[in-house]
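Undergrad: Structure, please.
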Amino acid sequence: MDKRTMEKYQAISTTPVDEYKCQLSEELENMAKDELRETEETRKHGIEALREWALKNPRIIKTRLDTNWLLRHLRFRKFSVPMAMEAIERMMVVKDGPFGKGWFERIEVARPSVLRLLDTGFAFLLPERDYMGRRVIFYRPGVSNPMSPTCGFDVLTLMTSLFILLCEYEEDQIRGVVHVADASGIKMPHFTVFSPTYSFRIGKVTERILPLRHKGFHVVNVHKSLRLVHDVIMSQMSEKLKKRAHLYSNFDEFKAIETSKLPKEYGGTIPMKEMIDATKKLLLEKRDDHLLLSEMKVRQEFYPKQVLDGSVKTLKYLLNSPELYDKYQAKSITPVDKYKFTLSDELRKIAKEELRETDETREHALKALRDWAIKNPRIETLRLDSVFLLRFLRFKKFSIPMAQEALERYLVLRKYIYEGQFIYQNFDYKIPQLYALIDNGLAFALPQRDHLGRRVIFYRPRIFNPSKNLANDIIRLPGVVLETLLEDEENQIRGCVHVGDGSGLGLNYLTVLTPQQAYRIVKNCEKMVPMRHKEFHGTLCPPALKFVLEWGLSLMSPKLRSRVKLHSKLDDKDAIDRKLLPLEYGGTIPMREMIEMFKKELEAKRDVLLSHDEMNIRFELYPEAVRIGSAKALKVPLSAPDSAFETKKDYQAKSITPVDKYKFTLSDELRKIAKEELRETDETREHALKALRDWAIKNPRIETLRLDSVFLLRFLRFKKFSIPMAQEALERYLVLRKYIYEGQFIYQNFDYKIPQLYALIDNGLAFALPQRDHLGRRIIFYRPRAFNPSKNIPHDIIRLPGVVFETLLEDEENQIRGCVHVADGSGLGLNYLTVLTPQQAFRIIKNCERMVPMRHKEFHGLCPPSLKFVLEWALAMMSPKLRSRVRIHSKLDDANSVDTKLLPLEYGGTIPMREMIEMFKKELEAKRDVLLSHDEMNVRLELYPESVRQGSTRSLKIPLSAPDSAFDEKKDLIGMKGIQGSFRKLEID
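TA: Numbering: from 1, shown residues only. Next up, the predicted model:
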């Protein structure tokens, strides 16, 4: 690690930032590798990743970044860097919050009451390790006095101090610790020291934030009267820790630790007093390390109250999880506030008359802008505080669409790179190059306002030396000035005035920027920097550069151009009041003094401007013309399709399969069916494939998918070449693949060789018959009784039809002709109703009906009379179109049933079922790799409304392109308090 990097980390570290030197024994190195995934590479990567994360985390003010501190958390989380981040931040949040403050503030082991508790032998370390080399903490809770007013916090202090002490030792970080407790002497008053709720909270929080590996809990001398209490405590522990807890009636039964290692009073060799004194010595020696905790700080205003209060419910979520936060705060780098107008009545009047701003319009617009920002998938983080958003609303006179456009363009501007540098980032006036230009008076705001209360920015471009200074600096410096002024609401409302002294400029200044660069910068800043530019005054421009000035004016919008005034000297009657200018230009205050005054303004807003670099967008989601700052792109709203920006599209970048030029190779009969039934012609197909690909690569919620023709034609044929409906079906299909049922993705891993699926196929639960029917359609045959509700799991009965459908859909003939379903429902009993709840069944049917792109042409089935009511309910759930295609038969050789010759031999056909199943297995094998590759398709699930992610059938009625507010996420139920009325009229979801 070089010196500069170390200094960067040291700026936020409360401890020296060191290089790790491994001093572990070979045994510990092997243990760390086998149990914790620790290697030299993972260790180096983990330490560096945690330091970078801490440095960039806007919520962290100070933390420890020494290797010992970082490694204890990495080892605690088996080198999962995200989980280690969570553990570190969670500890600091809890420590400083209302819940943890009283707890951690009292971690002072030298407090007399704590030392007295330690002297009683309440908790201390055994000097010898157990047979696995682990440290042992020995407890005697019965010796504490539960009536003491400080008992609870003394106990917490002592136990937390012991845990933190052991965390300091690498061997204990790796091996973990064992807890042994003598429960004799415990009485019911001991359980009143903390309320059950507080005890539960302490236990769960400690388990998550103190990075100690708890390897065993042994409680000895448990009286039978306390078994119920023990059971309650056990129920609160995680399953992993629960398995490590053991009870013993007495120490004769206890064999986990050799008796010789216990205190002398328990059969060992060393008196308890010596063990206690040794523990006390260690704790006092490490006291300063414990106190280091108080120096670590986070910005509490960024965290929800329930997190600061130590709510156990919040432990289910990561600290950056949107579920924890106010919906706005999750994206905001600043606290989201409730705005209160504190400016003068004069400014209120100006804001109303010039900007259409009232309390009502402001409140509505702020909410609308925040709602739009959190829904916008291209924006990752930004400021959502009122003052920042009001810049854009006032800039666009409270036109919400125009403010949205300006804000997003501003975020894009911050990503522009010129000559290898971000030109609208790192707005630090103390950067030497910028500081020198400010100090010499290139650009600064005058201290006094003009007669209309507007700030005046003064420019002296000759200060810029084209042979010495970089073009980046002359672009960046005005940004620093404008950003500083925009933090004052009065400047947002009144606007600003620009005054420039053009004397001393020569033709060499024309080399600073090319005409194209100058044009792009002027046009982009005009549209993106939210300052109200009220007047421009320029003077003393050399005649030789007059043509440049005229060209510069031609770049401006007519409105801004009308505000430009050129003067032969600055005391013209329509120029700026000279009294406001520096002394050198006829004013009263020397320029040096003005510059120093403005530096104080820059310093006051420096941290705010630097924090803007934490705002981020997904730059790759914007059309290329926008990314390169094309001035033409400014004429097109960012919400427009990519085609409007005239950029070359790279379909392959998102596709997991080669993007091909489609050629129709099917029969003339199929061409005719496709045209007559699906509206498919060569022209509509070519246009639709291009439109679907254009939409897919622009859709920010879709990360990867198949963009080959055969795959896309599934959806176009499914929706009869309605492009919007095909888009909806394709995106719904990709979302369906992310649905989780009982902890598993039910529409992924379509591998027919998975033992459970293979057994069901082999037993004939579902398979495609080898011959097509008289209309050339494939027939899928079902035997539901092959599914055993007591043996098989619901995932399989949901997944298997998907495997069958996906296999058949790889054949274009099946996409066009569709398929027929034939089911033998004989042998089914009421126990099959326990496989899925009505709500689950309803959701699966409705989602698959809308999302699986198969043309279902007919349904034929045999149904036992005892399950007729279930069939009627199932039919009620189907769309009218599909319901009209269902035929229920008493036997499968009815005249209007499927041709029995096509069925298995056992049902009147000619080919035995076993042979048919083996033939279909060959089809499955041929398409197996294709189906498995589908798991590479991905969407950004977090960008969809909750009801869509959950598979709510209500959400199926709303296009995915609708705003989030259209999805009623609060109501997604099936009326399970009691199913009332006829199944035929059942209203669900």
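Undergrad: I'd like to know how many residues surround Asp309.
TA: 15 (other CB atoms under 10 Å). Every C-beta, even on glycine, is put in place using the N, C-alpha and C of the backbone.
Undergrad: thought it was touching Gly97?
TA: Yes: if you go by CB atoms under 8 Å, Asp309 and Gly97 touch, sitting 6.5 Å apart.
Undergrad: Which pLDDT does the model give Cys848?
TA: Note on Cys848: pLDDT of 66.
Undergrad: And for Glu987?
TA: 27.
Undergrad: go on, Gly829?
TA: Looking at Gly829, the pLDDT reads 68.
Undergrad: Assumed Gly216 was part of a helix.
TA: No: counting by DSSP: H, G, I helix; E, B strand; the rest coil, Gly216 is not found in a helix; it is strand.
Undergrad: what's the closest non-adjacent residue to it?
TA: Distances taken as CB to CB, 6 or more residues apart in numbering place Val178 nearest to Gly216, at 4.3 Å, with adjacent residues excluded.
Undergrad: what's near enough to touch Trp69?
TA: Trp69 makes contact with Thr15, according to CB atoms under 8 Å, 6 or more residues apart in numbering.
Undergrad: so which helix or strand takes in it?
TA: helix 67-76 (DSSP states H and E).
Undergrad: What average pLDDT does that helix get?
TA: On average, helix 67-76 scores 95.
Undergrad: List the buried residues in the helix or strand hosting Glu35.
TA: Element membership for Glu35 (DSSP H and E) is helix 26-36. By 16 or more other CB atoms under 10 Å, the buried positions in helix 26-36 come out as 28, 31-32, 36.
Undergrad: Now tabulate those in a markdown table and tack on pLDDT and distance to Met916.
TA: Output for the buried residues of helix 26-36, formatted as a markdown table (pLDDT from 0 to 100; distance: CB to CB, whole Å):
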| residue | pLDDT | distance to Met916 |
| --- | --- | --- |
| Leu28 | 95 | 60 |
| Met31 | 95 | 55 |
| Ala32 | 94 | 55 |
| Leu36 | 94 | 52 |
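Undergrad: can you put those in TSV and add distance to Arg732?
TA: TSV is the format used below for the buried residues of helix 26-36 (distance: CB to CB, whole Å):
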residue	distance to Arg732
Leu28	52
Met31	49
Ala32	46
Leu36	42
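Undergrad: so which of those residues comes closest to Ile958?
TA: Leu36 (46.9 Å; CB to CB).
Undergrad: Would you check that that closest one makes contact with Glu170?
TA: No: applying CB under 8 Å as the test, Leu36 and Glu170 come out as separate, 11.6 Å apart.
Undergrad: Tell me the secondary structure of Ala365, please.
TA: Applying three-state DSSP: Ala365 is helix.
Undergrad: Then Gln815?
TA: Quick answer, by three-state DSSP: Gln815 is helix.
Undergrad: Need the nearest residue in space to it, chain neighbours excluded.
TA: Closest residue to Gln815 apart from its sequence neighbours, by CB to CB, 6+ apart: Arg717 at 4.8 Å.
Undergrad: now do Trp695
TA: Gln727 (5.3 Å).
Undergrad: Likewise for Leu485?
TA: That would be Asn491: by CB to CB, 6+ apart, it lies 4.6 Å from Leu485.
Undergrad: So that neighbour sits against Glu483, correct?
TA: No: counting by CB under 8 Å, Asn491 stays clear of Glu483, with 10.8 Å between them.
Undergrad: secondary structure element for the nearest residue to Ala32 once chain neighbours are set aside?
TA: Counting by CB to CB, 6+ apart, Ala32 lies nearest to Glu38, which is 3.9 Å off, once chain neighbours are set aside. Applying DSSP H and E as the criterion places Glu38 outside every helix and strand.
Undergrad: So Glu38 versus Glu596, what's the distance?
TA: Noted for Glu38: a distance of 54 Å to Glu596, by CB to CB, to the nearest Å.
Undergrad: Leu689 too?
TA: 65 Å.
Undergrad: More neighbours: which of those two?
TA: More crowded of Leu689 and Glu596, by other CB under 10 Å: Leu689, with 21 against 12.
Undergrad: How about the secondary structure of the more buried one?
TA: Following three-state DSSP, Leu689 is assigned to helix.
Undergrad: quick one: contacts for it?
TA: Counting by CB under 8 Å, 6+ apart, Leu689 touches 662, 709, 712-713, 716.
Undergrad: Which parts of the stretch 151-300 of the chain are helices?
TA: 151-167, 170-175, 196-209, 227-236, 239-242, 272-285, 287-291 (DSSP state H, counting those that start in this stretch).
Undergrad: export the ones you listed to a markdown table and tack on distance to Arg299 and mean pLDDT?
TA: Shown next, in a markdown table, are these (distance: least, CB to CB, whole Å; pLDDT from 0 to 100):
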| stretch | distance to Arg299 | mean pLDDT |
| --- | --- | --- |
| helix 151-167 | 24 | 88 |
| helix 170-175 | 29 | 95 |
| helix 196-209 | 18 | 73 |
| helix 227-236 | 31 | 60 |
| helix 239-242 | 32 | 80 |
| helix 272-285 | 31 | 94 |
| helix 287-291 | 22 | 71 |
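Undergrad: could these go into CSV alongside distance to Arg855?
TA: Formatted as CSV, the helices of the stretch 151-300 of the chain follow (distance: least, CB to CB, whole Å):
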stretch, distance to Arg855
helix 151-167, 62
helix 170-175, 60
helix 196-209, 51
helix 227-236, 52
helix 239-242, 47
helix 272-285, 74
helix 287-291, 69
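Undergrad: Which one of the ones you listed lies nearest to Leu862?
TA: Between the helices of the stretch 151-300 of the chain, helix 239-242 lies closest to Leu862; by CB to CB that is 44.7 Å.
Undergrad: which residues are in contact with the helix or strand hosting the residue nearest to Gln815?
TA: Using DSSP H and E, Arg717 sits within helix 709-718. Outside helix 709-718, the residues that touch it by CB under 8 Å, 6+ apart are 657, 660-662, 674, 678, 680, 685, 688-689, 692-693, 706, 723, 726-727, 729-730, 733, 809-810, 812, 815-816, 853-855.
Undergrad: got it, and stretch 920-935?
TA: 656-657, 706, 737, 748-753, 761, 767-768, 770, 803, 806-807, 810.
Undergrad: ChimeraX command to pick out the buried ones of these?
TA: This is the ChimeraX syntax for the buried subset of the contacts of stretch 920-935, where burial follows 16+ other CB under 10 Å:
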select :656,657,706,737,748,749,750,751,752,761,767,768,803,806,807,810
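Undergrad: rewinding a little: check which helices and strands the helix holding Glu35 sits against.
TA: Judged by 3 or more CB pairs under 8 Å, 6 or more residues apart in numbering; DSSP states H and E, the packing partners of helix 26-36 are helix 170-175.
Undergrad: gap between the helix it packs on and the chain center?
TA: Taking CA atoms, centre = their mean, to the nearest Å, the mean C-alpha location of helix 170-175 is offset from the chain mean by 33 Å.
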